[in-house]
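Undergrad: Whatever this is, show me its structure:
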Amino acid sequence: MDYNDIITRLHSLANPENVKGMARYGITQQNNLGISIYLLRPLAKQIGTNHPLALRLWDTKIHDARLLACFIDDPTLVTSEQMDLWAADFDSWDICDQACTSLFDLSPLARTKVFQWADQEKEFVRRAAFSLIAGLAVHDKTATDKDFEAFLSLCITHAIDERNYVKKAVNWALRNIGKRNIPLNKKALQTAEKIKKIDSRSARWIASDAIRELTSPKIQEKLERKKKKK
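TA: Numbering: from 1, shown residues only. Prediction:
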């Protein structure tokens, strides 16, 4: 399936009603065909990994084509420049999160980008830093506990960011770190307690929500099972 075939296929799958529904969840309507991710992922499998094609699809500025690009790109070929350019294009939480947890978190550049992007003021670029952390906590099997402990300091620093898409990503990152293993669960909870003391509505929400999940019997039992498997 070549580039033209894919564009034709995407337009054939367009669903204007879905676009309206997505808008209610904060997903951009601009250049959005409304194609379900459950249709895009099988299409990505059919296409296979293809870095040059991913770059071309991203350049269309079509929301659905960009999601597809995230699914077919080769993380080993992704460059630092590409990551920065795509991050600057993020205009919706879903494209940000899919790029970060389906592609960028598999790149050897991911940990470096976390610190670079967290310092950026643009909302979806900063969100990308914490989406990356959330993805790395699940997918990066080579990272050490110390790697994630370094990320916890970023959660404290940016817990005061009141912007909805940032605070939710900080919370997501904190929770995913705390679900990685028992030692990191304790570190994440200690971090949450520090965040809870910050005089910020965003910080208090981030901390309370994280503490509620990370201390829950479900998570604690899951962590114990993971420990026994090692």
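Undergrad: Where does pLDDT dip in this structure?
TA: By pLDDT under 70, the low-scoring segments of the chain are 230.
Undergrad: Do a quick rundown of the helices in it.
TA: All helices of the chain, identified by DSSP state H, fall at 3-12, 16-23, 37-47, 51-59, 63-72, 80-89, 93-102, 110-118, 123-139, 145-158, 164-178, 182-196, 201-214, 217-229.
Undergrad: Point out the other helices and strands that the fifth one packs with.
TA: Judged by 3 or more CB pairs under 8 Å, 6 or more residues apart in numbering; DSSP states H and E, the packing partners of helix 63-72 are helix 3-12, helix 37-47, helix 51-59, helix 93-102. All C-beta spots, glycine's among them, are computed from the backbone N, C-alpha and C.
Undergrad: on that earlier part again, compile the helices of the chain into TSV and extend it with columns for mean neighbour count and distance to Asn31.
TA: Converted to TSV, these look like this (neighbours: other CB atoms under 10 Å; distance: least, CB to CB, whole Å):
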stretch	mean neighbour count	distance to Asn31
helix 3-12	14	11
helix 16-23	13	10
helix 37-47	14	15
helix 51-59	18	12
helix 63-72	24	5
helix 80-89	17	11
helix 93-102	23	11
helix 110-118	19	23
helix 123-139	25	16
helix 145-158	18	29
helix 164-178	24	19
helix 182-196	19	37
helix 201-214	19	30
helix 217-229	11	39
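Undergrad: List just the one of the helices and strands packed on helix 63-72 that sits closest to Glu221.
TA: Nearest to Glu221 among the helices and strands packed on helix 63-72 is helix 93-102; the distance by CB to CB comes to 24.8 Å.
Undergrad: Pull the residues that contact that closest one.
TA: Applying CB atoms under 8 Å, 6 or more residues apart in numbering, the external contacts of helix 93-102 come out as 22, 26-28, 37, 63, 66-67, 70-71, 86-87, 90, 124, 127-128, 131-132, 134-135, 138-139, 165, 168.
Undergrad: ok, 6 Å please
TA: Surrounding helix 93-102, the residues in contact under the criterion CB atoms under 6 Å, 6 or more residues apart in numbering are 26-27, 66-67, 70-71, 86, 90, 124, 127-128, 131-132, 135, 165.
Undergrad: Same check on stretch 165-172?
TA: Contacts of stretch 165-172 with the rest of the structure, by CB under 6 Å, 6+ apart, involve 93, 123, 126-127, 130-131, 134, 155, 158-159, 202, 206, 209-210.
Undergrad: For those residues, which two are the farthest from each other?
TA: Farthest apart among the contacts of stretch 165-172 by CB to CB are Glu123 and Ala210. That separation is 20.7 Å.
Undergrad: Please parse this protein into its domains.
TA: 1-74, 93-230 (automatic domain parsing).
Undergrad: export these to TSV and tack on distance to Ser80?
TA: Putting these into TSV (distance: least, CB to CB, whole Å) gives the following:
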stretch	distance to Ser80
domain 1-74	14
domain 93-230	6
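Undergrad: Ala69 contacts Leu57, doesn't it?
TA: Yes. Taking CB atoms under 6 Å as the definition, Ala69 is a contact partner of Leu57 at 4.1 Å.
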